[in-house]
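Peer 1: could you look at this predicted model? Sequence included:
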Amino acid sequence: MSQNFGNNDPQNTGGSKGTTGGAGTGATDAGTTREASTGGGLTTTGTGGTGTATAREGLTGTAQEYGQKIADAATTAKDYLGDKLSVAKDKIGDLQNVDYKQVADDAKQYARQNPGQALLISAAAGFVLGLLLRNSRR
């Protein structure tokens, strides 16, 4: 089963003599299998230009598919951020028109009606502020 192809043989278009274990076979060999005379093992070359083109088409298709997914995700993120930005603008507009004395009176009234919740909210807010201030010193 050992075959040696010379450089001038029309079946060997890869530029290799086939005596080195098939390490230098070209991409234009049409899927031949041969046993190299010095390598001792079977060497299978690629399916030629058709296989390479198919692989490129597959990679191109996959890249285009991922590109479309990324574009869709970016559009979704843009829409989401636009919605959240409009809500934030509305909240800021509401805060600009607020009487702060009224807000303080409402907070006192809420603390009188729900002392446990007011205490827990105050403790949580203090904890978060403490973490923020402590980390900013580092």
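Peer 2: That came through fine. Numbers count the residues shown, from 1 in each chain.

Peer 1: quick one: low-confidence parts of this structure?
Peer 2: The model of the chain has pLDDT under 70 over residues 1-51, 136-138.

Peer 1: tell me where it has strands.
Peer 2: 33-35, 42-44 (DSSP state E).

Peer 1: how much space separates residue 65 from residue 71?
Peer 2: 11 Å (C-beta to C-beta, to the nearest Å). C-betas here are computed from N, CA, C, even on glycine.

Peer 1: and residue 89, by the same measure?
Peer 2: Remark: distance between residue 89 and residue 71 (C-beta to C-beta) = 27 Å.

Peer 1: cool, and residue 117?
Peer 2: Applying C-beta to C-beta, one obtains 46 Å for the distance of residue 117 from residue 71.

Peer 1: next one: residue 127
Peer 2: Note on residue 127: its distance to residue 71, by C-beta to C-beta, is 42 Å.

Peer 1: next one: residue 111
Peer 2: Taken as C-beta to C-beta, the span from residue 111 to residue 71 is 50 Å.

Peer 1: repeat for residue 104
Peer 2: Using C-beta to C-beta, we find residue 104 at a distance of 49 Å from residue 71.

Peer 1: could you list the domains of this protein?
Peer 2: 1-46, 48-97, 99-138 (automatic domain parsing).

Peer 1: what about residue 57, how many neighbours?
Peer 2: Neighbour count of residue 57, defined by other C-beta atoms under 10 Å: 10.

Peer 1: and what of residue 116?
Peer 2: Other residues within reach of residue 116, judged by other C-beta under 10 Å, total 7.

Peer 1: going forward, the N-terminal residue is numbered 43.
Peer 2: Let's use 43 as the start, then, which means that last one is residue 158.

Peer 1: quick one: it and residue 170, what's the gap?
Peer 2: Counting by C-beta to C-beta, the gap from residue 158 to residue 170 is 19 Å.

Peer 1: do you have the helices of the protein handy? List them.
Peer 2: 91-138, 142-155, 157-178 (DSSP state H).

Peer 1: got the contact list for the second one?
Peer 2: Contacts made with helix 142-155 from outside it, assessed by C-beta atoms under 8 Å, 6 or more residues apart in numbering, are listed as residue 160.
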